[in-house]
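**Q** For reference, the sequence and a predicted model appear below.
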Amino acid sequence: MNVGIPLRGGWIEVICGSMFSGKSEELIKRLRRARIARQNVQAFKPRLDDRYGDGGAICSHTMQEVPCELVENAPHILQLLKADTQVVGIDEVQFLGPEVVQVAEELATRGIRVICAGLDQDYRGIPWHPMPELLARAEYVEKTHAICVICGAPATRTQRKISGESRVLIGSQDLYEARCRACHTVPDETGEQTVIFHDDPLG
C-alpha cells in the first residue's frame, strides 16, 4: 500500500486478518519505512502479549521485530506519547478495548499517522471489537490472508486447537492455526470440534 503525505492532519491505517497472516510483519515494514523517511516513530503493544520474551518489541511470527513500549490500556499510549512523534504503531489492538478507538481518533486529529494491527475475528469467527469500529473510521484498510493448513486456500479464520471458553488465550502455533471458512471449526468444552455457522451473530 502506498500512502502519500497528507495535505493536512493525520490519518488511521488498519491492518487486520487472522493469526499467521502477516499483520505484524506489515506493521513492522511500515514503521521501518517511516524511520527511513526520518520520521519520529513510536510503537506500542499491550503488556499481556508476552509470546516472545519480555515483550519489549513488536515481533512477527517470522521473528522480524521493532522496539516498542508496553501499555496497560489505550489511554496509556497518550501518556507515553512524545511531543515530536509523527507516526504511531499499535500492535494487537484488539486487546486494548473500546477506548483505543478514541485514542486513535485523537492521535490522527493531532496530525499523527496511526497504524493499527490486530485480529478482526476471535477463534469463533465473531468480530472482535473494537476492530469493526476502527475499520469504519480508518482512511486506509488492508486485510491480510494466511494459508489454510487443511486445504491450502486463503485463510481468514483463526483455529484454536484446544478447548476453552476464554476469548483471550495468548499463544502461537502451539494453540492456533490458520483456516479458511470451510475448514474452520470451534472446540466445545469437551474438546470436540464443532462447526460454527458464521451468519449467526450470536455464534
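**A** That came through fine. Quantities reported herein were computed from a predicted structural model and do not represent experimental measurements.
**Q** Give me the contacts around the longest helix seen in the chain.
**A** With residue count as the measure and DSSP state H as the assignment, the chain has helix 23-36 as its longest helix. For helix 23-36, the surrounding residues in contact (CB atoms under 8 Å, 6 or more residues apart in numbering) are 13, 15-17, 41, 43, 58-62, 64-66, 86-87, 89, 91, 113, 115, 117-119, 142, 144. Where you see a C-beta, it was placed from the backbone N, CA and C, and this is true even at glycine.
**Q** The most centrally placed residue in the chain is in what secondary structure piece?
**A** With distances taken as CA atoms, centre = their mean, the residue of the chain nearest its centroid is Gly118 (1.1 Å). Here Gly118 is covered by strand 113-119, with elements defined by DSSP states H and E.
**Q** what helices or strands is the helix or strand following that strand leaning on?
**A** The C-terminal neighbour of strand 113-119 among helices and strands, as given by DSSP H and E, is helix 131-137. In terms of contacts (3 or more CB pairs under 8 Å, 6 or more residues apart in numbering; DSSP states H and E), helix 131-137 is packed against strand 11-17, helix 99-109, strand 113-119.
**Q** With just CA atoms, put the second one into CSV.
**A** In this case it means helix 99-109. The C-alpha atoms that make up helix 99-109 are tabulated as CSV, following Å, rounded to 0.1, in the frame of the first residue of the first chain:
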residue,chain,number,x,y,z
GLU,A,99,-11.0,3.2,24.4
VAL,A,100,-8.4,2.6,21.6
VAL,A,101,-10.9,3.9,19.0
GLN,A,102,-11.0,7.4,20.7
VAL,A,103,-7.2,7.3,21.3
ALA,A,104,-6.6,6.6,17.6
GLU,A,105,-9.0,9.4,16.6
GLU,A,106,-7.3,11.8,18.9
LEU,A,107,-3.8,11.0,17.6
ALA,A,108,-5.0,11.4,14.0
THR,A,109,-6.6,14.7,14.9
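**Q** Counting by contacts, list what it packs against.
**A** Secondary-structure packing of helix 99-109 (3+ CB pairs under 8 Å, 6+ apart): strand 11-17, helix 74-80, strand 87-90, strand 113-119, helix 131-137.
**Q** now those as CSV including mean pLDDT and distance to Lys23?
**A** As requested, the helices and strands packed on helix 99-109 are exported to CSV (pLDDT from 0 to 100; distance: least, CB to CB, whole Å):
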stretch, mean pLDDT, distance to Lys23
strand 11-17, 98, 5
helix 74-80, 98, 18
strand 87-90, 98, 11
strand 113-119, 97, 4
helix 131-137, 97, 11
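**Q** ok so, going back, starting at the chain centroid, how far to the strand holding Gly118?
**A** Its chain's average C-alpha position is 6 Å from that of strand 113-119, according to CA atoms, centre = their mean, to the nearest Å.
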